[in-house]
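Peer 1: Just to be clear, the model below is a prediction. Sequence and coordinates:
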Amino acid sequence: MSGFNEWRNRPPSERSWRHAWLTQLITEVHTASHVTYGARRVHAELTLGHGIAVGHGCIELLMRTAGVKGVLGKRRGRSKHQTPTATDLVDRKFTRDEPNTLWVTDITEHPTRE
């Protein structure tokens, strides 16, 4: 018998059984979420909710092959803060003739709880 016929008549492997089972679980979780969950949330639901050890890449692969897609979220723009900034008291002239006449500091790097 040739190798092709042996491969064709071979029973399904454990991986293909697991992928079929995971694909069924993925579609169940996806439909339970009203067809909104993407790969990240499906992965979180399976690992945290169902306690199944599965990789994120495997979830992406199985969702792609099954044609299951999540709803794209809206892109949120970065908020423009309304914090007032200090005025430029030295008019960008940072050189002085004598010491201790101009002290300059920058506190924008230090995070605050505001």
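Peer 2: Sure thing, it's come through.
Peer 1: Enumerate every residue touching residue 23.
Peer 2: Applying C-beta atoms under 8 Å, 6 or more residues apart in numbering, we find residue 23 in contact with 62, 65-66. In this view, the C-beta of every residue, glycine as well, is placed from N, C-alpha and C.
Peer 1: Any chance of those in TSV with neighbour count as columns?
Peer 2: As requested, those are exported to TSV (neighbours: other C-beta atoms under 10 Å):
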residue	neighbour count
62	22
65	10
66	15
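Peer 1: Among these, which are located in helices?
Peer 2: Judged by DSSP state H, these include 62, 65-66 as members of helices.
Peer 1: what about the helices in the protein?
Peer 2: Under the criterion DSSP H, the chain contains helices at 3-9, 14-32, 39-44, 56-66.
Peer 1: Can you check which of those gets nearest to residue 94?
Peer 2: Nearest to residue 94, of all these, is helix 39-44, at 47.9 Å by C-beta to C-beta.
Peer 1: now that closest one, how far from the centre of its chain.
Peer 2: Its chain's C-alpha centre and that of helix 39-44 lie 10 Å apart, by C-alpha atoms, centre = their mean, to the nearest Å.
Peer 1: Please give the number of neighbouring residues around residue 43.
Peer 2: 22 (other C-beta atoms under 10 Å).
Peer 1: can you tell me which of the ones in helices among the contacts of residue 23 lies nearest to residue 34?
Peer 2: The closest of the ones in helices among the contacts of residue 23 to residue 34 turns out to be residue 66 (C-beta to C-beta; 17.3 Å).
Peer 1: Quick check: buried residues in stretch 7-25?
Peer 2: Residues of stretch 7-25 classed as buried: 19, 22-23, 25 (neighbour count, 16 or more other C-beta atoms under 10 Å).
Peer 1: Need the nearest residue in space to the most centrally placed residue in the chain, chain neighbours excluded.
Peer 2: Nearest to the mean C-alpha position of the chain, by C-alpha atoms, centre = their mean, lies residue 40 at 6.7 Å. Distance criterion C-beta to C-beta, 6 or more residues apart in numbering; nearest residue to residue 40, sequence neighbours excluded, is residue 56 at 7.4 Å.
Peer 1: correct me, but that neighbour touches residue 43?
Peer 2: Yes: between residue 56 and residue 43 there is a contact at 4.9 Å, judged by C-beta atoms under 8 Å.
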